[in-house]
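> Got a predicted model here, sequence first, then my questions.
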Amino acid sequence: MIETLPVIPSREQRLELLKKVGHSLLEMRYTTWNFGDSTGFEGIIETGKLLNDPQYLAFAHGWMRSWATRATPYRRLDCTAPGMAMVEVAEKTNDPVLIEALVLLARYLMGRSTDRGIFDTWESLCLIPPYGGEVLPPREAALLAEPPGGTCVDCLHFDPPFFTALGKLLENKEFTEVGVSQALNYIAALQTPSGLFDHFFLNAVPGTFGPAWGRGQGWSMLGLLDVLKNIPSDHQDRQSLVSAVRRQIDAMITLQRPDGRWWCVVDSEISGDEGSTAPFMATGFARAIKMGIVDEKVVRPAMEKALAGSIADADENGHLRNVTAAVMASTRKSHYEFTPRGFLVPWGQGPLALAICEAEDLL
């Protein structure tokens with residue numbers, strides 16, 4: 001752990017780092033589609049804007065257009081598509097093939113079964129034995145042996161922003177309201193009284209699991225902020241969404257370490273360092289400030305510390321250190337405390353790019 005607060009580098013230094021981060025994002029092995037692609041492609045698009053480099057938009061458009069030509073038959077993991085990024089690319093390039101594929105994708109996603117009002121991500125949730133080796137109680141061992149369906153908080157960054165972005169582009173109220181409804185249901189199902197989100201729930205199983213997972217706070221915060229960006233300012237549910245974001249931001253600021261970072265499980269020091277949470281938070285805090293939904297005097301110092309910590313965690317190649325692997329899911333909190341780390345992945349590099357880009361006009 002770095003004990004002292006790093007200093008935010010100069011703009012020139014930040015842009016040089018962004019070039020390295022952006023290059024790493026272009027080299028990722030995306031699988032059309034899987035978890036992490038949303039922040040990966042959003043990072044690519046925002047990097048291109050700030051660097052004024054057209055190769056980034058061209059890369060994203062080429063990848064998405066290729067997907068659009070073979071999008072069907074849709075599959076379960078298509079819910080992880082970088083939907084909001086694809087809507088933006090379709091609009092910027094005026095690509096009717098991509099727009100048509102996105103509408104068909106939205107209809108497919110709306111056809112899934114639901115639990116707690118949320119579209120099912122998994123027919124059999126991705127439970128694995130706990131990292132760290134904790135022995136499961138009999139009831140949880142039975143769930144691991146035959147996992148029911150369920151949904152993870154990561155998906156708050158997928159479905160709700162996609163539906164509301166597509167609804168805004170096409171002036172389609174149906175898509176907009178589906179996205180808002182999904183966001184509200186995620187809040188009801190997974191946000192705890194503390195303001196933090198749990199990781200997942202299992203269909204027809206009481207309760208929720210995976211408390212205080214750091215990156216999960218990032219997925220949920222950015223997803224809610226994206227929905228707020230995409231809906232009308234006078235939408236009837238806007239204040240409910242704003243309230244959820246504020247409560248989460250307050251909780252995360254309370255748990256922020258003096259060096260600007262968070263523990264891997266944000267309320268558990270034994271969980272150790274984790275690289276992706278800080279850039280997720282720097283991005284979310286910056287967006288909330290610019291949207292005018294938080295007290296800038298309170299949130300800006302936390303944003304600056306998170307950004308400084310994020311940049312300090314990048315090595316000489318622009319690779320973010322201490323990023324955990326895909327956590328999958330477990331009914332034990334220790335699983336999240338012992339997740340392996342040290343991975344070069346879209347959910348690390350993407351948020352780092354977003355944090356640098358989002359803070360640009362606040363520094």
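Done, it's in.
> what helix or strand is Val245 on?
Secondary structure from DSSP states H and E places Val245 in helix 238-255.
> Which neighbouring elements make contact with that helix?
Packing partners of helix 238-255 (3 or more C-beta pairs under 8 Å, 6 or more residues apart in numbering; DSSP states H and E): helix 173-190, helix 214-230, helix 277-291, helix 296-312. All C-beta spots, glycine's among them, are computed from the backbone N, C-alpha and C.
> make it 7 Å
Helix 238-255 sits against helix 173-190, helix 214-230, helix 277-291, with contacts defined as 3 or more C-beta pairs under 7 Å, 6 or more residues apart in numbering; DSSP states H and E.
> for these, which one sits closest to Val97?
Val97 lies closest to helix 173-190 among those, at 18.8 Å (C-beta to C-beta).
> tell me the angle the helix holding Val245 makes with helix 296-312.
60 degrees (axes from the mean of the first three to the mean of the last three C-alpha atoms, to 10 degrees).
> From the chain's centroid, how far away is helix 238-255?
16 Å (C-alpha atoms, centre = their mean, to the nearest Å).
> So what touches it?
Under the criterion C-beta atoms under 7 Å, 6 or more residues apart in numbering, residues 183-184, 187, 191, 194-196, 217, 220-221, 224-225, 227-228, 231, 262, 266-267, 281, 285, 288, 293-294, 299, 302 lie in contact with helix 238-255.
> can you tell me which of the helices and strands packed on helix 238-255 comes nearest to Ile44?
It's helix 277-291; of the helices and strands packed on helix 238-255, that one is closest to Ile44 (C-beta to C-beta) at 14.4 Å.
> what is the mean pLDDT for that closest one?
Taken as a whole, helix 277-291 has an average pLDDT of 98.
> tell me what that helix is packed against?
helix 214-230, helix 238-255, helix 296-312, helix 346-359.
> any idea which of the ones you listed is most buried?
helix 346-359 (a mean of 29; mean count of other C-beta atoms under 10 Å).
> Can you check what angle separates that one from helix 214-230?
Using the same axes, to 10 degrees: helix 346-359 against helix 214-230 is 50 degrees.
> So, low pLDDT: which residues of the protein?
Counting by pLDDT under 70, the chain shows low-confidence ranges at 1-4.
> center of it, which residue is that?
Central residue of the chain (C-alpha atoms, centre = their mean): Trp219, 2.8 Å from the mean position.
> ok, back up a step: now the helices and strands packed on helix 277-291 in a markdown table, with distance to Asp95?
A markdown table is the format used below for the helices and strands packed on helix 277-291 (distance: least, C-beta to C-beta, whole Å):
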| stretch | distance to Asp95 |
| --- | --- |
| helix 214-230 | 19 |
| helix 238-255 | 30 |
| helix 296-312 | 33 |
| helix 346-359 | 22 |
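> quick one: which of these is nearest Ala106?
Evaluated over those, closeness to Ala106 peaks at helix 214-230, with 13.5 Å, by C-beta to C-beta.
> Mind exporting the C-alpha coordinates of the closest one to PDB?
C-alpha atoms of helix 214-230 as PDB (Å, rounded to 0.1, in the frame of the first residue of the first chain):
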ATOM      1  CA  GLY A 214     -15.200  -2.400  -4.500                       C
ATOM      2  CA  ARG A 215     -15.600  -2.800  -8.300                       C
ATOM      3  CA  GLY A 216     -19.200  -3.500  -7.900                       C
ATOM      4  CA  GLN A 217     -19.700   0.000  -6.500                       C
ATOM      5  CA  GLY A 218     -18.100   1.200  -9.700                       C
ATOM      6  CA  TRP A 219     -20.400  -0.700 -12.100                       C
ATOM      7  CA  SER A 220     -23.500   0.400 -10.200                       C
ATOM      8  CA  MET A 221     -22.500   4.100  -9.800                       C
ATOM      9  CA  LEU A 222     -21.600   4.600 -13.500                       C
ATOM     10  CA  GLY A 223     -24.700   2.700 -14.600                       C
ATOM     11  CA  LEU A 224     -27.000   5.000 -12.600                       C
ATOM     12  CA  LEU A 225     -25.200   8.100 -13.700                       C
ATOM     13  CA  ASP A 226     -25.500   7.000 -17.300                       C
ATOM     14  CA  VAL A 227     -29.300   6.500 -16.900                       C
ATOM     15  CA  LEU A 228     -29.500  10.000 -15.400                       C
ATOM     16  CA  LYS A 229     -27.600  11.400 -18.400                       C
ATOM     17  CA  ASN A 230     -30.000   9.700 -20.900                       C
END
